[in-house]
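>>> Here is a sequence together with a model predicted from it:
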Number of protein chains: 2
Amino acid sequence: MTVEKLISELNFYNKKAVSRLISIIETSTTDNELVLNQITNKLGNAYRIGITGPPGVGKSTLTNQLAKLFVSDSQKVGIIAVDPTSPFSGGALLGDRIRMNDLANTENVFIRSMATRGSMGGLSKKAVDAADILDAAGFDVIIFETVGVGQSEIDITQAADTRIVVLVPESGDSIQALKAGLMEIGDIFVLNKSDRPAAENAILALKTMLSLRNMTSTSWMPKILNTIASENRGIDLLKDEIFNHKKFLIENDLLFKNRKDKLLNRVKQITIEKLNQILWENNSLSEIEQIIMSSINGTVSPYEISNRIIKNIKLDGD
Amino acid sequence: MTVEKLISELNFYNKKAVSRLISIIETSTTDNELVLNQITNKLGNAYRIGITGPPGVGKSTLTNQLAKLFVSDSQKVGIIAVDPTSPFSGGALLGDRIRMNDLANTENVFIRSMATRGSMGGLSKKAVDAADILDAAGFDVIIFETVGVGQSEIDITQAADTRIVVLVPESGDSIQALKAGLMEIGDIFVLNKSDRPAAENAILALKTMLSLRNMTSTSWMPKILNTIASENRGIDLLKDEIFNHKKFLIENDLLFKNRKDKLLNRVKQITIEKLNQILWENNSLSEIEQIIMSSINGTVSPYEISNRIIKNIKLDGD
């Protein structure tokens, strides 16, 4: 089936078309452009939620329960679960996905796992493209679930309207979140497994760290919520807080502004990626090759060679 | 002291000048270019060795012992220890550096730790720039020691003439090395802590995985060496094997060819980084801003906006 045909059939009820278009984005480096160009006029209806945090804090269970609540409100929910597991740390992907199976069989839910295949940067771009497909298909809520261990996962989360950072009351956990830059990006903080003994201290530590954020009087004040996702406790309050944040964004004219800023960043990333391809893979640019070859003689630094290349760039977009 | 003065004093015996120039590279985003441009004609004498592997396999101890062997051959050794520790995994940096202290006080050794400060990509570039400073200062051997958990650490290792992958006989360790792409990059494999019970099985597993590499009859055949770095066992054989590899590279005209390929990759990376700065930070390019602003209306995809930007790029290097 052609990409055009799949797009014409793109619809919430046609999960097969949704799934195939995401596969095209995942595997092709050229068709993603074709797909995105054709669905852009259908975007903007879905509300995007990012859920991130260290491994093992219960993000999948929380995502699962939250999605069920949205579904019970007659919302159509798309979940993109991104596992950029470091090759040396293993990962609980399979187990998490098995736990989500009951949800996947619900009619109003679509779940897609995306795992890293070599390049992390590529993964975060593909996850955001995949969310556009879900948006165009008519999903009301899109949840990105990612493991927050690096810049690229933070990039994915920043593509969300509301960003939720999940932690557990374990010693050092909140400090590590601070180091990973998660304290700066959270709109809502969730202390999951909050029946554990260290919960009270963890909340105090989180509050202290949140107080270090740069705030103005008109800033959104992130709340710290307690949940026990495995017992479905606290999830309703989390859903309420997501709505509070959405309301805040709309009332302060921030929802559209933030989305525009995110689009701008995405344009920059795509442009640089394209330039990377055009500059080094296009045979017609033999001028650049010649500059490099004549400069690699041990007397010209890579910075100077680079300056010579840039002086000669005249792209016409062909 | 000016950069020019520091460079004029750059010399193996002036560790202060070496240290300050590396600090300049680490902290400045502009002076690194100035430094590199001025030292490039002094490069090419040092032999560069990369040591990588998962956390906790004893890379620091191994580096320590190997450096001592080189020093006893009257070689001047520079060590760049890169710790791109994931914010959620902690890291043994401090302990490792303390263990290296006896070595740091040796006259013929210079040790520099470089830790990640936000951007990993930046770190791998700075580590390679720092190695150039050591090379220009007259060091005979430069050892990069990195934790092999991601692309950027592999990038650093690939700046080396000989790349050593260190593993331990633990179950799954070699599989994870395979997943991380380490099996493809190693010129020498070291099974450290090889007195552990699982050593024999680990060597068999490694041999099997090495046999999967694409080899031609003229390819270098990586050996698997056993070491117990903490007892200084096997390090002499490792040093011999490094010399064997160096000899192989020279005899097959690969040493210069490989270095040229590495320089080419470095030029590409630097060029893209510069373009990133020029395109988005230069106010004179208001044309690009206008394209973006007029296109962000919900009907044009980020890919299409990016194409429009690229069509308008005419850089003159100013």
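On my side now, so go ahead. Residues are numbered from 1 along each chain as shown, chains lettered A, B, ... in the order given.

>>> In chain A, spot the helix with the most residues.
Longest helix in chain A by number of residues, with DSSP state H as the criterion: helix A:254-281.

>>> That one and chain B in contact?
Yes - for helix A:254-281, a contact with chain B is found by Cβ under 8 Å from any Cβ of the partner chain, at A:260, A:263-264, A:266-268, A:270-272, A:274-276, A:278-280. Where you see a C-beta, it was placed from the backbone N, CA and C, and this is true even at glycine.

>>> Make sure A:L66 is actually in contact with A:L237.
No - applying Cβ atoms under 8 Å, one finds A:L66 not in contact with A:L237, separated by 11.0 Å.

>>> Counting neighbours, go ahead and name the busier of the two.
A:L66 (26 against 14; other Cβ atoms under 10 Å in any protein chain shown).

>>> can you tell me which residues contact the more buried one?
A:49, A:51, A:143, A:235, A:238-239 (Cβ atoms under 8 Å, 6 or more residues apart in numbering or on different chains).

>>> and it, which of the three is it?
Three-state assignment for A:L66 (DSSP: H, G, I helix; E, B strand; the rest coil): helix.

>>> Can you tell me how far it is from A:I154?
20 Å (Cβ to Cβ, to the nearest Å).

>>> Please apply the same query to A:E26.
Taking Cβ to Cβ, one finds A:E26 at 21 Å from A:I154.

>>> can you check A:T162 too?
From A:T162 to A:I154 the distance is 15 Å (Cβ to Cβ).

>>> which one of those two has more residues nearby?
Taking other Cβ under 10 Å, A:T162 and A:I154 do not tie; A:T162 has more neighbours (23 against 20).

>>> Check the contact between that one and A:K247; I expect there is one.
No - contact criterion Cβ under 8 Å: A:T162 and A:K247 do not qualify, at 10.8 Å.

>>> ok, which stretches of the stretch 101-250 of chain A are helices?
A:101-104, A:120-137, A:151-158, A:173-179, A:182-185, A:199-210, A:235-251 (DSSP state H, counting those that start in this stretch).

>>> Please identify the deepest-packed of the ones you listed.
Most buried of the helices of the stretch 101-250 of chain A, by mean neighbour count (mean count of other Cβ atoms under 10 Å in any protein chain shown): helix A:120-137, with a mean of 23.

>>> Give the other helices and strands that that one contacts.
Contact analysis of helix A:120-137 by 3 or more Cβ pairs under 8 Å, 6 or more residues apart in numbering or on different chains; DSSP states H and E lists helix A:15-27, helix A:31-39, strand A:77-83, strand A:109-115, strand A:141-146, helix A:151-158, helix A:254-281 as its packing neighbours.

>>> If we use 7 Å, what do you get?
When contacts are defined as 3 or more Cβ pairs under 7 Å, 6 or more residues apart in numbering or on different chains; DSSP states H and E, helix A:120-137 packs onto helix A:15-27, helix A:31-39, strand A:77-83, strand A:109-115, strand A:141-146, helix A:151-158.

>>> now it: how far from the chain's centre is it?
8 Å (Cα atoms, centre = their mean, to the nearest Å).

>>> could you check the angle helix A:151-158 makes with it?
Counting by axes from the mean of the first three to the mean of the last three Cα atoms, to 10 degrees, helix A:120-137 points 20 degrees away from the direction of helix A:151-158.

>>> related to what we said a few turns ago, now tabulate the helices of the stretch 101-250 of chain A in TSV and tack on distance to B:G181 and mean pLDDT.
Listed next are the helices of the stretch 101-250 of chain A as TSV, based on distance: least, Cβ to Cβ, whole Å; pLDDT from 0 to 100:
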stretch	distance to B:G181	mean pLDDT
helix A:101-104	32	66
helix A:120-137	13	86
helix A:151-158	17	74
helix A:173-179	26	64
helix A:182-185	27	80
helix A:199-210	35	83
helix A:235-251	38	97
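
>>> mind giving me a markdown table with these and columns for distance to B:P169?
Converted to a markdown table, the helices of the stretch 101-250 of chain A look like this (distance: least, Cβ to Cβ, whole Å):
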| stretch | distance to B:P169 |
| --- | --- |
| helix A:101-104 | 37 |
| helix A:120-137 | 29 |
| helix A:151-158 | 32 |
| helix A:173-179 | 30 |
| helix A:182-185 | 36 |
| helix A:199-210 | 38 |
| helix A:235-251 | 45 |
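
>>> so which of those gets nearest A:I228?
Closest to A:I228 of the helices of the stretch 101-250 of chain A is helix A:235-251 (Cβ to Cβ; 9.1 Å).

>>> Can you show me the CA trace of the closest one as CSV?
The C-alpha trace of helix A:235-251 is given here as CSV (Å, rounded to 0.1, in the frame of the first residue of the first chain):
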residue,chain,number,x,y,z
ILE,A,235,-3.8,8.6,39.7
ASP,A,236,-7.1,10.5,39.8
LEU,A,237,-5.3,13.5,41.4
LEU,A,238,-2.5,13.2,38.8
LYS,A,239,-5.1,13.4,36.1
ASP,A,240,-6.7,16.5,37.8
GLU,A,241,-3.3,18.2,38.0
ILE,A,242,-2.6,17.6,34.3
PHE,A,243,-5.9,19.4,33.6
ASN,A,244,-4.9,22.2,36.0
HIS,A,245,-1.7,22.6,34.1
LYS,A,246,-3.4,22.5,30.7
LYS,A,247,-5.9,25.2,32.0
PHE,A,248,-2.9,27.3,33.2
LEU,A,249,-1.2,27.1,29.8
ILE,A,250,-4.4,28.1,27.9
GLU,A,251,-5.3,30.9,30.3
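
>>> Need the residues that contact that helix.
Helix A:235-251 is contacted by residues A:47, A:49, A:65-66, A:69, A:161-162, A:187-188, A:190, A:220, A:223, A:225, A:227, A:229, A:255, A:258 when judged by Cβ atoms under 7 Å, 6 or more residues apart in numbering or on different chains.
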